[in-house]
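Student: return a 3D structure for these sequence lines:
(2 chains)
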Amino acid sequence: MKPAAFDYYAPLTTEAALALLAEHGEEGKILAGGQSLVPTMAFRLARPATLIDINRIASLDFCRADDEVLRIGALTRHARFETPFLPGPLGALLADVAHNIAHTPIRSRGTFCGSLAHADPASEWCCTALTLGATMVVANHVSERRVAVADWFQSLFTTALQPDELLTEARLPLRDESWRYGFYEFNRRAGDFALAMSVVALRLEGGVVREAQIGLGGVGTTPILAKDAAAALIGQAPGEAAWGIAAELAATCFEPTEDINASPEYRRDLVRAVTKRALRKAVA
Amino acid sequence: MDGIGASVRRIEDPPLLRGEGRFAADIDLPGQLHMRVVRAGMAHGRILSIDTAAAAAIPGVVAIWTGADVASLPPIGFRMMGLTALEPYRQPILAQRVVRYVGEPLAVVFAEDPYVAEDAEELVYADIEALPVIIRAAGPIGDFDAAHGTEPTIIRKAYGDIAAAFAAAEHVVELELAVGRHTGVPLETRGASAAYDAATGRLAMHGAAKVPHTNRIAIARMLDLSLDQLHLHEGHVGGGFGIRGELYPEDVLVCLAAMRLGRPVKWIEDRREHLMAANHSRDQLHRIRAAIDARGFVLGVEDEFWVDQGAYVRTHASTVPDLAAGMLPGPYLFPAYAAAAHVRLTNKTPAGTYRAPGRFEGTFVRERLIDAIAERVGLDPIAVRRINLIPPESMPFDRGLDALGTPLVYDSGDYALLLDKFLRHLDYEMLQASLATRRAAGEHVGLGLAFFVEKSGLGPFDDVRLELDAGGRAVLVTGAASVGQGVETSLAQITGEMLGISYLDVTVVHGQTDRIARGMGAFATRVTVMTGTAIVLAAEKLRARLLAKAAELLQQPVSALVLRDGAAQAEGGSPSIALPALIAACLAEEDAPRMVAEATFESGHMTYPYGIHLAIARVDAETGGVVLERLAVAYDIGRTVNPMLVEGQIHGGAAQGIGGALMEEFLYDEDGQPLCTNLADYVMPTSGEMPPIDILLTEDAPSGIGRLGVKGAGEGGTTAAGAAIAAAVDAALGGRVPITQLPITPSRLHAAMKQAGFE
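Tutor: Presented below is the predicted three-dimensional model:
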């Protein structure tokens, strides 16, 4: 469990980091929190020739709410959200999610953007970002572009991020007070990769659901939006009847992965359970 | 006030809390090389060739060995319970022509630093021709090699007339029960450092644990050294649990390399290696049946079981099947009994003992059987247990079997009394009523209870040397070992109690083969019983000399004097003489720098503590997840030296039992590839999964073996946890989903619940 040899750079500016990325391309890897990358290197499953450590780049260490968006810089650690960063339901959701990410030492080091760039299918932040409609700000040494989350997750551990690009910021839309959020995950131990999770967002008005998103994580090769399940909630009164219908649709809307902890059939059953529970929590 | 029975703080802790511990990885020897093991990636195959050229070309690589380089060394022998039939299955220190499990040492690299060693490891290329893989121990017998099959022996134990029992039976209850493959996972992985002094011909190995004296003899024999050329040294040890400290190929390789290469050699195992190279355990399949009468009294039990030994038979030889077969009857009368244990070789990591070896499995099997009997005759599970318990007037109770080569005679016990006390302690009726209320409200919650009999105090001997210096401080030198269980503290308490001094004035030297000629080490929950009594015998010699001298000086009859509070004194405290003055007077006579007494305690019988586990579990019906709400343990260990340490043992043991019951399992695919080689896939309980543990310690049945009345406390936290948790889950689901397999993982339980028609 000793990594293969690598070159290490610790640039002080984003420009310098991007120049290094341009120079090293496929062989270069960004080190932020390192909570996935470093163990993978220790197992020698990853062996980047060059590590570009962005931890000294002060301008990437920010997290702030503007008028309509929460801007999360590349060095924002998971722990930043453990106590609600924002007032209201969204801050509460992010805190709930944060508490389910691994363990305290990992949360104090690992980053929000690092999770999105790594794109582990069981990542809580990936599921959250997809459900909430995040926007990614990515840059290379010549330009910057924005990527909608719907275009971000491509397959297992693969995103729209190009080898010469850095995810500098993730943006979560701030929604009005008619929105409610819920999160639930099932795992074998506190802090483990979830066998199934769901993040839901509901806009309630006049006693019925007007808009809805249901995200699923840990069950396919990427996080998944259960669109039919969310659509089935529109116009429905919140409650067990509606939740049951949505959960059923959620359970059948994806191709489940199989591993030592869960068969495909079990994963569908778990999605039924976690979706219902996330919906209950949203209106609790 | 800090002698036997006091919950004093551990002597061991200050250096550990200050970060001054000296674990295997903390030992660095000047000029050392780092050893890295190249491990087989295929579960079974014939080695055609091993190409080391590319690895050897890396700067910093000093040597690379394959099986051919160590072919002259014998395989690793048996430490205990060896059988001739098992000898062909011993493991060589590097694979010889055949690899038999993923993780088997195939070659070793020695390099200037551990990173280079790992770079070189990757470049060692073995051409291996695949052979058929055996994954299921209870399947057909295969070939181990041309001359030997995969079932070297069947261990049989029996008493009574089993045929008559079944002929007379009102009912026969049959079950098939399985316990998964799991093991102890110490926080500290294995490690060893060795240095050879060519000038004196002496070899020293650091990183020894558990049984340094025994391993010294074994290594010396393998390397053709005389005993005085080799010493083993135990540092701090981050957990034993049965697996750590046994003699493994890597220990021998480190010693051999230090001699051959003329430089110190260090090896530290990484976690991935640990999970596929250190001993696995458990993994048994039992087919058991009981002949019972109409009221649930068991007339006879017949058990046939298969033990998945893995790819080789290691140091423990037949220990686990022997204990499983011998101790399965537990606390019940069972007038007739017959067990047959099939020892089976497969292509998995070799197996050995793990805390409560054979008893965790056997207790699960027996207690599930008792629950099934209760179900069959329509009686409360506790009532059926009462009917079958061995009554106190039958103690000592000769089981008519043997275990670990000793006659299995329960030395003392009042099983029904412990049950009564435990149920009262728990307010059992109220507890059941509250669970019934919750079940009526729709919760899937239930309670399970399981009895167990443990064993402790394995002989055959323990030696101690006890020294008193002029200042009144004692040094105890023992061949016992510390694996972190609090040996120093408890032995210091016994010494202090005997000599009338504080345990803080006792220094305990253990695990050093150059300090005492022989020693048995620490395993099988033996130390407090065996070393404890040896201390009593040595201390009595010192006490006799001290009190005789005190009688002379104080002009009192010896019978009127005691050693207490650092002085020899008459009852009431006066007259008295402080220990330093008294020792000085003794030493003046002897012309020696310190008073020394040696003693040996020999015993051919083990002691048998006993207890009960109670679990309360809640099942999440939609996910199959189990939440263990509470675990309670009642344990009678005869006499408690340090209740805090005993409770710590029970807590830690319970965590491991919970792991085996609900989480931990080494899974393999059909090709013999291990699927759980990191701590994300090998799921162990954390503080987040631990319920409150409620402990009732009793001292109703002191042992007549040894001088202290104590029985060992090391394993009972684990023994019945699997059985009790299975029963609790069973009860939570109203008996609709019989639990016959551990661990009860969410996916397994969910599938079983669906099959049983749960929503």
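
Student: mind checking how far the helix of greatest length in chain A is from the chain centre?
Tutor: In chain A, with assignment by DSSP state H, the single longest helix is helix A:264-283. Averaging C-alpha coordinates over helix A:264-283 and over its chain gives two centres that are 18 Å apart (CA atoms, centre = their mean, to the nearest Å).

Student: that helix: which residues count as buried?
Tutor: A:266-282 (16 or more other CB atoms under 10 Å in any protein chain shown). Where C-beta positions appear, they are placed from N, C-alpha and C, glycine not excepted.

Student: for residue 279, which residues are in contact?
Tutor: Went with chain A since none was named. A:Gly182, A:Ser198, A:Val200, A:Leu202, A:Ile214, A:Pro238, A:Ala242, A:Trp243, A:Ala246, A:Ala247 (CB atoms under 8 Å, 6 or more residues apart in numbering or on different chains).

Student: to clarify, I was referring to chain B.
Tutor: B:Thr183, B:Gly242, B:Ile243, B:Glu246, B:Arg314, B:His316, B:Thr349, B:Pro350, B:Ala351, B:Gly352, B:Thr353, B:Tyr354.

Student: next: B:Pro738.
Tutor: B:Ala372, B:Asp730.

Student: assumed it was part of a strand.
Tutor: No - B:Pro738 is assigned coil when assessed by DSSP: H, G, I helix; E, B strand; the rest coil, not a strand.

Student: next one: it relative to chain A, how far apart?
Tutor: 20 Å (CB to the nearest CB, to the nearest Å).

Student: also B:Gly82?
Tutor: Distance from B:Gly82 to chain A, by CB to the nearest CB: 35 Å.

Student: close to chain B: what parts of the stretch 51-200 of chain A are there?
Tutor: A:Phe186, A:Arg188, A:Arg189, A:Ala190, A:Gly191, A:Asp192, A:Phe193, A:Leu195 (CB under 8 Å from any CB of the partner chain).

Student: now do 7 Å
Tutor: Within the stretch 51-200 of chain A, the positions near chain B by CB under 7 Å from any CB of the partner chain are A:Phe186, A:Arg188, A:Arg189, A:Ala190, A:Gly191, A:Phe193.

Student: quick check: buried residues in stretch B:509-518?
Tutor: For stretch B:509-518, using 16+ other CB under 10 Å, the buried residues are B:His510, B:Gly511, B:Gln512, B:Thr513, B:Arg515, B:Ile516.

Student: make a markdown table out of those residues and add pLDDT.
Tutor: Below are these laid out as a markdown table (pLDDT from 0 to 100):
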| residue | pLDDT |
| --- | --- |
| B:His510 | 95 |
| B:Gly511 | 93 |
| B:Gln512 | 94 |
| B:Thr513 | 95 |
| B:Arg515 | 94 |
| B:Ile516 | 94 |
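
Student: show only the entries of these found in strands.
Tutor: Per DSSP state E, strands hold the following members of these: B:His510.

Student: quick check: the two most widely separated of the buried residues of stretch B:509-518?
Tutor: Distance extremes for those: the farthest pair is B:His510 and B:Thr513 at 10.8 Å, using CB to CB.

Student: now do the strands in the stretch 451-600 of chain B.
Tutor: All strands of the stretch 451-600 of chain B, identified by DSSP state E, counting those that start in this stretch, fall at B:461-468, B:474-478, B:506-510, B:561-564, B:567-570, B:576-578, B:595-602.

Student: give me the element residue 109 is part of.
Tutor: Since you didn't name a chain, this refers to chain A. For A:Arg109, there is no enclosing helix or strand under DSSP states H and E.

Student: let me rephrase: I mean chain B.
Tutor: B:Val109 belongs to strand B:105-111 when assigned by DSSP H and E.

Student: quick one: end-to-end distance for stretch B:446-463.
Tutor: End-to-end span of stretch B:446-463 (CA to CA, to the nearest Å): 48 Å.

Student: which parts of stretch B:694-708 are buried?
Tutor: Here stretch B:694-708 shows B:Ile695, B:Leu696, B:Leu697, B:Thr698, B:Ala701, B:Pro702, B:Ser703, B:Ile705, B:Gly706, B:Arg707, B:Leu708 as buried, counting by 16+ other CB under 10 Å.

Student: no no, stretch B:742-755
Tutor: Counting neighbours by 16+ other CB under 10 Å, stretch B:742-755 gives B:Leu742, B:Pro743, B:Ile744, B:Thr745, B:Pro746, B:Ser747, B:Arg748, B:Leu749, B:His750, B:Ala751, B:Ala752, B:Met753 as buried.
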